[in-house]
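Undergrad: can you look at this prediction? I've put the sequence above it.
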Amino acid sequence: MLRLQMTDGHTSCIAVEFSYNPKISLNTPPGTKVKLSGIVDVKNGFLLLNDSNTTILGGEVEHLFEKWELQRSLSKRNRSNIGTEGGPPPFVPFGQKCVSHVQVDTRELDRRKTLQVTMPVKPTNDNDELEKQSATVLAGHRITSHHTAL
């Protein structure tokens, strides 16, 4: 039994698949055109659809279809790859320790150059000479500022 929201562009209504209709399923995209014919019973504000009063014409509404297709593809990936590469980690209740099946050899990590602390490289003699001259010139000058009252 499926619940469908239907509109003709002006009026909206809710329909229920009262008896099985193989042409209507969860794979029927939004915006699909449906032709109602004959007498359609209404109960508690719901149109009661069956195979004899409903014809699926097909078609789609692009912006509704794109959103629907995205939601479908995301729902398939939602929890299907828990704990695998690229998937979310498995849920662990608070107060329990995480149990990892993968053992990491930390000695290998310690040997990597990217994690080692290195000493900064001292600049070459050309820069040393420039720094000495700059320090000598700056030491010989006193910077003062003058304030004038208005």
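TA: Alright, I've got the coordinates.
Undergrad: grab the nearest non-local neighbour of residue 38.
TA: Spatial nearest neighbour of residue 38, chain neighbours left out: residue 53 (4.9 Å); criterion: CB to CB, 6 or more residues apart in numbering. To be clear about C-beta, it is placed using only N, CA and C from the backbone, and glycine gets the same treatment.
Undergrad: ok, residue 61 next?
TA: Spatial nearest neighbour of residue 61, excluding adjacent residues (CB to CB, 6+ apart): residue 31 at 3.0 Å.
Undergrad: do you know how far that neighbour is from residue 65?
TA: For residue 31, the distance to residue 65 (CB to CB, to the nearest Å) stands at 6 Å.
Undergrad: mind showing which ranges of the chain have poor pLDDT?
TA: Confidence mapping of the chain against pLDDT under 70 gives the ranges 76-88, 98-105, 109, 112-127, 134-150.
Undergrad: can you show me the helices along the protein?
TA: Along the chain, the stretches classed as helices by DSSP state H are 62-77, 106-111, 125-139.
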